[in-house]
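fold the following.
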Amino acid sequence: MNQPGPIKKIVEKAVEAAEEVLPESPPEVPGAPGPEPPQVAEPTEPRPPLPPKREQAAPRPVSATGRADGADPGVRAQNGEFLTTAQGARLPDSDHSLKAGPRGPVLLQDHHLREKITHFDHERIPERVVHARGAAAHGVFRSYGSAAGLTRAAFLAQDVETPVFVRFSTVLGSRGSADTVRDTRGFATKFYTGEGVFDLVGNNIPVFFIQDAVKFPDVVHAAKPHPDREIPQAQSAHDTFWDFVSLHTEATHHTLWNMSDRGIPRSFRTMEGFGVHTFRLIDAEGRTTLVKWHWKPKLGVHSLVWEEAQLIAGADPDFHRRDLYDAIESGAFPQWELGIQVLPDTPEQTFEGIDLLDPTKIVPEELAPVEPIGLLTLNANPTNFFAEVEQVAFHPGHLVPGIDVTDDPLLAGRLFSYLDTQITRLGGPNFAQIPVNRTHAPVNDMLRDGFHQHAVHSGVAPYKPNSLDGGCPFFAGAGDHARIEHPLPLPAAAKVREAPASFDDHFGQPRLFWASMSPPEREHIIAAYTFELAKCYEPAVRERTLRVLAEIDPHLCAEVARGLGLPAPEPAEPLADPRPSPALSQIGRTWPTTGRVIGIVADPDGDLGALASVRRAILAADMAPLVVAPTGGQLTAGDAEPVTVQRTFATARSIEFDAVLLAGAPAPGADADGGRDAKAGSPAAPGTAVDPRITLMLGEAWRHAKAIGGWGGADRALRAAGIPADAPGVVLGEDGEAVLSGITDLLAAHRVWDRFPPPPETGR
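Numbering: from 1, shown residues only. Below is the predicted model:
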């Protein structure tokens with residue numbers, strides 16, 4: 001009767017197996033990404049794959065019917081010293097596509113490129129592998145006609161209005177991740193033109209991590225969560241990302257942009273967009289011009305500060321999505337100007353020494369100004385998020401007459417990858433028939449059947465040539481608005497897996513970007529690198545990244561090294577002295593304040609008439625006032641106009657507001673108890689009687705360089721928060737509307753950047 005049962009035996013065997021693989025004692029610091037520490041230099045001596053970490057175990061090998069087959073649990077893992085195809089053929093190179101010469105077009109016969117990207121495209125279902133977290137809106141694009149002389153694209157003729165659908169997204173996170181993570185953002189626009197769909201599929205950063213699409217699976221695998229733990233989510237502060245970008249230094253330029261404030265935009269509405277690649281425009285006579293696409297927000301380019309981004313991710317992970325939809329709902333329609341940098345189409349396809357086929361390079365706007373060609377206005381939210389935002393399918397190969405691609409090797413891979421991805425994600429080849437993807441131009445494609453076929457085709461001859469359907473459909477000529485690829489001459493060349501020599505400069509433009517930053521922006525970049533690298537477990541990864549930073553700037557490298565407690569290496573080569581590009585900085589200009597959100601902290605015992613007057617003035621200036629009070633409902637006093645409360649002291653947080661106004665110094669609310677609201681547990685200054693949640697809000701707004709104003713005894717609240725009344729960005733007065741005027745002037749610069757002057761640079 002005391003014999004152990006079958007369940008107990010299974011448990012005991014599992015415990016024994018775990019004891020065999022687990023270490024005798026846990027590591028001093030858990031979280032090592034691999035079973036052994038890496039070396040600083042890239043390993044070059046072939047060796048078999050590393051074993052799993054000691055605390056890891058594989059599923060027990062059994063048959064489909066549950067029969068144990070006695071195989072080694074590791075039999076399903078990869079093996080062999082060399083990189084191979086899926087069929088086991090060893091590969092000599094996985095950094096370059098097969099091209100007709102170093103600068104030639106990518107060849108379709110490149111089986112490795114197609115196999116690698118096809119497999120990558122199908123890795124995850126059903127959400128997008130990248131850009132899974134997104135928000136989108138409908139709108140209209142009105143052309144100025146200024147590009148009509150460069151392209152025969154009809155939607156760019158004078159005053160033509162084209163319906164659009166625009167999707168913004170983060171790259172790394174899943175659908176359920178937060179909006180304000182440090183990441184690249186997608187900026188994809190679908191133009192429903194009369195000549196077919198044109199998709200401008202870009203990002204909020206004008207360069208990319210890689211120069212060749214064959215590396216795209218590598219960079220995304222490195223940036224995604226670690227495959228064993230599936231953490232960290234939606235961020236780059238981990239070993240695999242920094243391991244890759246420190247070894248693959250063509251990623252340096254994009255990484256630097258990502259570590260700048262561009263990686264944490266304030267809003268989709270204050271985010272630039274870029275086409276990344278160089279495209280070719282073709283006019284009615286067949287003449288060609290090369291262009292780079294730019295979206296310029298009418299509100300200017302603004303970003304969060306890092307602590308603010310972290311607070312928002314916890315307090316409101318839907319912050320950007322909510323901001324976009326709320327702005328459209330309130331009538332503050334987001335707008336961007338579409339612009340182009342016009343570049344000569346020469347045989348070399350270079351401009352001022354910059355290779356235009358290299359997607360890791362920009363053309364500074366001081367060398368080629370951005371010429372505005374139209375205005376985008378988003379004026380309608382989606383009706384159904386899944387049907388529209390989740391099912392929309394973009395593709396850089398969706399082009400119209402007058403717009404063509406170039407031989408950028410990254411773009412070439414995207415032309416294959418996007419179509420392949422949509423077939424898997426959207427259930428078959430008929431994804432173009434999903435309502436949000438449908439063209440507004442007539443379709444007679446002779447494509448038939450397949451999953452989710454919505455069309456009911458007539459006729460009996462879906463082939464060319466035919467006579468049974470009267471020969472229809474017919475081929476179109478140039479005069480019939482056919483999209484004809486430009487007949488670009490190709491030089492005689494050998495098939496090679498290599499890149500042109502001009503692709504080899506990985507540090508010149510990152511140094512230009514750093515030289516163009518203002519002092520506050522440089523401080524933010526230093527802080528970002530220090531934070532991200534401090535999250536890396538392996539010292540070798542940090543040391544290697546410092547070597548990369550040494551090639552950008554000695555001050556940047558020295559300050560990050562100091563934060564990591566490591567010595568700063570010297571650059572391997574003498575550093576160039578680039579001419580700064582002011583267009584790369586977000587600071588130093590003023591912008592419209594339309595749509596800014598101002599929190600008004602109400603004192604129920606104060607002058608409600610003045611509060612109501614300021615609220616009306618904010619609305620009249622096309623900004624959004626949010627009244628914050630101890631409780632919800634309405635504030636009333638005597639004959640004063642009732643004031644509706646939008647936020648309570650318990651629900652409000654500084655991250656919602658671009659500026660904070662104090663209509664007095666409110667006493668602690670009835671729920672100002674740390675046991676009920678943890679924010680109320682903040683220590684208060686001795687002798688003050690201001691609600692501690694308001695002092696917390698003021699302290700956050702102060703740290704985040706936001707404008708703060710007040711009247712009616714607001715100085716008492718500032719004293720409670722330890723904020724000097726005469727500090728930069730603090731406006732006090734007796735008249736609320738006069739205070740608002742001063743705050744509005746400050747808002748035009750987005751933040752009070754001189755509140756925290758950066759220390760002098762000593763490493764230059």
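
can you give me the strands for the stretch 201-350 of the chain?
273-274, 279-282, 288-297, 335-344, 350-351 (DSSP state E, counting those that start in this stretch).

helices or strands up against the third one?
For strand 288-297, the contact count by 3 or more Cβ pairs under 8 Å, 6 or more residues apart in numbering; DSSP states H and E identifies strand 196-203, strand 273-274, strand 279-282, strand 335-344, strand 370-380 as packing neighbours. Any C-beta I mention is one placed from the backbone N, CA and C, and that applies to glycine too.

now those in TSV, with distance to residue 170?
What follows is the helices and strands packed on strand 288-297, written out as TSV (distance: least, Cβ to Cβ, whole Å):
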stretch	distance to residue 170
strand 196-203	11
strand 273-274	14
strand 279-282	25
strand 335-344	19
strand 370-380	18
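
which of the ones you listed sits closest to residue 318?
strand 370-380 (17.5 Å; Cβ to Cβ).

elements contacting the helix or strand just after the closest one?
Note on strand 370-380: by DSSP states H and E, the next helix or strand toward the C-terminus is helix 385. Packing contacts for helix 385, counted by 3+ Cβ pairs under 8 Å, 6+ apart, involve no helix or strand.

list the neighbouring strands of the helix or strand harbouring residue 166 plus their orientation.
Using DSSP H and E, residue 166 falls within strand 161-170. Strand pairing for strand 161-170, using DSSP bridges, gives strand 134-143 (antiparallel), strand 185-193 (antiparallel).

list the buried ones in stretch 277-284?
Judged by neighbour count (16 or more other Cβ atoms under 10 Å), stretch 277-284 contains these buried residues: 277-283.

any idea how far apart the tips of that stretch sit?
Length of stretch 277-284, first residue to last, Cα to Cα, to the nearest Å: 23 Å.

which residues are in contact with it?
147, 149-153, 288-293, 340, 343, 345, 349, 356-357, 359, 396, 401-406, 408, 410-411, 486 (Cβ atoms under 8 Å, 6 or more residues apart in numbering).

pLDDT weak spots in the stretch 301-450 of the chain?
Nowhere does the stretch 301-450 of the chain drop to pLDDT under 70.

please state the offset of stretch 401-414 from the chain centre?
22 Å (Cα atoms, centre = their mean, to the nearest Å).

now stretch 278-289
So, by Cα atoms, centre = their mean, the centroid of stretch 278-289 is 30 Å from its chain's centroid.

might one say that residue 372 is in contact with residue 337?
Yes - the criterion here is Cβ atoms under 8 Å, and residue 372 meets it with residue 337 at 4.6 Å.

find residues that contact each of those two.
In contact with both residue 372 and residue 337: residue 296, using Cβ under 8 Å, 6+ apart.

got the end-to-end distance for stretch 204-217?
Span of stretch 204-217 from end to end, Cα to Cα: 20 Å.

do you know the pLDDT at the residue nearest to residue 512 when sequence neighbours are not counted?
For residue 512, ignoring the flanking residues on the chain, the nearest one in space by Cβ to Cβ, 6 or more residues apart in numbering is residue 578 at 4.1 Å. In this model, residue 578 is scored at 95, pLDDT.

ok, now which ones touch residue 578?
Per Cβ under 8 Å, 6+ apart, neighbours of residue 578: 508, 511-512, 515.

list the ones among these that fall in helices.
508, 511-512, 515 (DSSP state H).

returning to what we had before: now, of the strands paired with strand 161-170, which is deepest in the fold?
Across the strands paired with strand 161-170, the average number of neighbours (mean count of other Cβ atoms under 10 Å) peaks for strand 185-193, which reaches a mean of 23.

output it as CSV, nothing but the C-alphas.
Output of strand 185-193 as CSV, limited to C-alpha atoms (Å, rounded to 0.1, in the frame of the first residue of the first chain):
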residue,chain,number,x,y,z
ARG,A,185,8.5,54.1,-35.6
GLY,A,186,6.9,53.2,-38.8
PHE,A,187,5.2,55.9,-40.9
ALA,A,188,3.3,54.1,-43.8
THR,A,189,0.9,56.0,-46.1
LYS,A,190,-1.4,54.3,-48.6
PHE,A,191,-2.5,56.7,-51.3
TYR,A,192,-5.7,55.6,-53.1
THR,A,193,-4.8,57.3,-56.4
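
related to what we said a few turns ago, of all the strands of the stretch 201-350 of the chain, which one comes closest to residue 659?
Per Cβ to Cβ, nearest to residue 659 of the strands of the stretch 201-350 of the chain: strand 288-297, 19.2 Å.

let's have the ones in helices among the contacts of residue 578 in TSV, adding pLDDT and distance to residue 571.
Output for the ones in helices among the contacts of residue 578, formatted as TSV (pLDDT from 0 to 100; distance: Cβ to Cβ, whole Å):
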residue	pLDDT	distance to residue 571
508	96	13
511	97	10
512	97	16
515	97	15
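
which of the buried residues of stretch 277-284 lies closest to residue 458?
residue 282 (34.5 Å).

residues in contact with stretch 673-686?
Here stretch 673-686 has contacts from 649-650, 668, 671-672, 690-693, 695-696, 719-722, using Cβ under 8 Å, 6+ apart.

and those, which are buried?
Neighbour-count burial (16+ other Cβ under 10 Å) applied to those gives 649-650, 668, 671-672, 690-693, 695-696, 719-721.

out of the residues you listed, which are inside helices?
Counted as lying in helices by DSSP H, out of the buried ones among the contacts of stretch 673-686, are 692-693, 695-696, 719-721.

of those, closest to residue 630?
For these, the nearest to residue 630 is residue 693 (9.4 Å; Cβ to Cβ).

how close does that closest one sit to residue 315?
13 Å (Cβ to Cβ, to the nearest Å).

which among the contacts of residue 578 gets closest to residue 368?
Nearest member of those to residue 368, counting by Cβ to Cβ, is residue 512, at 14.4 Å.
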